[in-house]
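Chemist: Attaching a predicted model along with its sequence, questions to come.
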Amino acid sequence: MAVLLIAEHNNKELRPFTLNAVTAASQIDSDVHAVIIGQNSADVAKQLSELPVVKKVLSVEGAHYENFTAENFTPVIVKLAENYSHIVCSANTFGKNLMPRIAAHLDTSQVSDIIKVISPDTFLRPIYAGNAFATIKSNDAKKCVTIRPTSFDPCQSTGGSAPIEKVDASEEFSNTKFIKREEIKSDRPELGTARIVVSGGRGMQSGDNFKLITEIADKLGAAIGASRAAVDAGYISNDHQVGQTGKVVVPDLYIAVGISGAIQHLAGMKESKVIVAINKDGEAPIFSVADYGLEADLFEALPQFMEELNKLNTIQK
Amino acid sequence: MKILVAVKRVIDYNVQIRVKENGTGVVTDNVKMSTNPPDDNAIEEAVKIKEAGKAAEVVAVTVGEEKAQETVRKALAVGADRGIHVKVDGILEPLAVSKILQKIVDKEKPDLVFMGKQAIDDDCNQTGQMLSALLNWPQATFASKIDVKDNKLEVTREIDEGLETIEINVPAIVTCDLRLNEPRYASLPNIMKAKKKPIEEIAASDLGVDVSPRLEQLKVEEPPKRKAGIKVANVAELVQKLKNEAKVI
């Protein structure tokens, strides 16, 4: 039986991590179908049909799908699940909210946040904030799997022409009502997909001081991250948080400034390709994962860093 | 209104966990255990709602071995009225836990069920959503703000793109984010008082729920270690290394 991938989108376009989830789905079985549930989302269905890996697109339209409410999405997917061996989506807040509701209806034990497909029934997943990896085999007939997007490459996005099939909408769940969404807009790259991330911690001492980070991030074309301590102290908004309870990032370069390196922060960034730590406490745990450690006062180091960057003839973007 | 709060006993968040050499799990003997951190937020919120006069009773429930009862006792010490301990040995999957909680909901008939959004041991992030599916109740996951309005809740949810606000009708499930509130500490007099509050013990086997595992944990291993890095003397050296050695800028 084929694998059903649940597409994440905003009714206009696919969210980028859907491409990573498609890759994971295709590692489970080459027969990947994708379902798109939304309102006026024909453009997204078309975009999905162009992914070469996707063999068929199922499109479900309805006004009550406009805001991706799990209570409305679940019955559609549970019904479609009859024809599939696996249901797959990303383990971001969309998938985390939705998939367990589907799994419970199917009476199946979900496998959350996998980082590797070992075989169609066996997966690798981090536990204890990434301090251990568990190999899990599912013995359920139908498997519900969420995938950690940064652990899979995005699939190719053009060249395919899968058929798009319409599927009937289900009834509306009337006890949950969407009110509003406040999306944080930024000209910078998205934290989850940025090539470079510059993050500040409690050592920044104030929200105002984050301008030292902003300046460097702008110069490098980087996204801005933060530790939970910095977010809790109110220096920066929560959408910047990197860690077990925030975002997991895997950039080419991660620069941690004034971050001690609590277990929960390391869980969100230690897979980065190159890690730089700037901290005045030479014993800070962040140095144990850093490729390049600089023991220095960040209020001196950051302006110098900016000066040195200004001296470079070229900076990769 | 009556609020049921589910709490889980886990390895304390400050403990650096160790993987057992035989690959069967992590070392839990002689390791400090605590309430799962966002479950503390769930209890705090329920107690605050009661203190605001909007709830009549807060009941704390845990599912687990003998010692799991400590988490219920702690909840009683910070303001829960009574406790329920569903006794079961071994590790349960979230699906099994949500089926047990469904039985407790049938019995207690709460208007709201609160719990943490995720347990920091297995990091599954499933139980609340599964319970709301089994009950066919609305779910407000990853809550960072809750307003109680008669028979409705307005909940702000932490999502990847920012914040989302939804309105849900009671009865409902809310899973709590760490940012929801600042959990209080139990005072000594309240810890003493909590010892007198009742905890009902129920054997999971008496609930008629199939809790047999569906997943096999084949192996638990340490993640690959990063190779040790170097300390640089100054910023100029750092930028030079990033440019010419790591080639990332």
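Modeler: Thanks, I have the structure now. Numbers count the residues shown, from 1 in each chain, chains lettered A, B, ... in the order given.
Chemist: can you count the residues close to B:Glu245?
Modeler: As a burial measure, B:Glu245 scores 12 neighbours (other Cβ atoms under 10 Å in any protein chain shown). Yep, even glycine has a C-beta here, placed from its N, CA and C like the rest.
Chemist: Sorry, wrong one. I was asking about A:Lys185.
Modeler: Neighbours around A:Lys185, by other Cβ under 10 Å: 7.
Chemist: ok, it to chain B distance?
Modeler: 9 Å (Cβ to the nearest Cβ, to the nearest Å).
Chemist: Can I take it that B:His85 is in a strand?
Modeler: Yes: applying DSSP: H, G, I helix; E, B strand; the rest coil, one finds B:His85 inside a strand.
Chemist: Contacts only, for it.
Modeler: Neighbour list for B:His85: B:Val61, B:Thr62, B:Gly64, B:Ala68, B:Gln69, B:Val72, B:Ile199, B:Glu200, B:Glu201, B:Ile202 [criterion: Cβ atoms under 8 Å, 6 or more residues apart in numbering or on different chains].
Chemist: mind checking how far it is from chain A?
Modeler: Taken as Cβ to the nearest Cβ, the span from B:His85 to chain A is 23 Å.
Chemist: and that residue, bridged to which residues?
Modeler: B:Thr62, B:Glu201 (DSSP bridges).
Chemist: per-residue pLDDT, B:Ala75?
Modeler: Reported pLDDT at B:Ala75 in the predicted model: 98.
Chemist: and the stretch 201-317 of chain A, which residues reach chain B?
Modeler: Residues of the stretch 201-317 of chain A lying close to chain B by Cβ under 8 Å from any Cβ of the partner chain are A:220, A:228, A:231-232, A:237-239, A:244-245, A:247, A:252-253, A:263-264, A:270, A:273-276, A:282, A:287, A:289-296, A:301, A:304-305, A:307-309, A:312, A:315-316.
Chemist: what's the farthest-apart pair in the contacts of B:His85?
Modeler: B:Gly64 and B:Glu200 (14.7 Å; Cβ to Cβ).
Chemist: on that earlier part again, are any of the residues of the stretch 201-317 of chain A next to chain B buried, and which?
Modeler: A:220, A:228, A:231, A:238-239, A:244-245, A:247, A:252-253, A:263-264, A:270, A:274-276, A:287, A:289-296, A:301, A:304-305, A:308-309 (16 or more other Cβ atoms under 10 Å in any protein chain shown).
Chemist: quick revisit: specify which residue of B:Gly64 and B:Glu200 has the higher count of neighbours.
Modeler: Ranked by neighbour count (other Cβ under 10 Å), B:Gly64 and B:Glu200 place B:Gly64 first, with 24 against 15.
Chemist: where's the more buried one relative to A:Ile275, distance?
Modeler: 37 Å (Cβ to Cβ, to the nearest Å).
Chemist: mind listing what residue 66 touches?
Modeler: Went with chain A since none was named. A:Asn11, A:Gly38, A:Gln39, A:Phe178.
Chemist: Chain B, not that one
Modeler: B:Lys87.
Chemist: Quick one: the strands in the stretch 1-150 of chain A, in order.
Modeler: A:2-6, A:32-38, A:54-61, A:84-90, A:111-114, A:116-119, A:122-127, A:132-138, A:143-147 (DSSP state E, counting those that start in this stretch).
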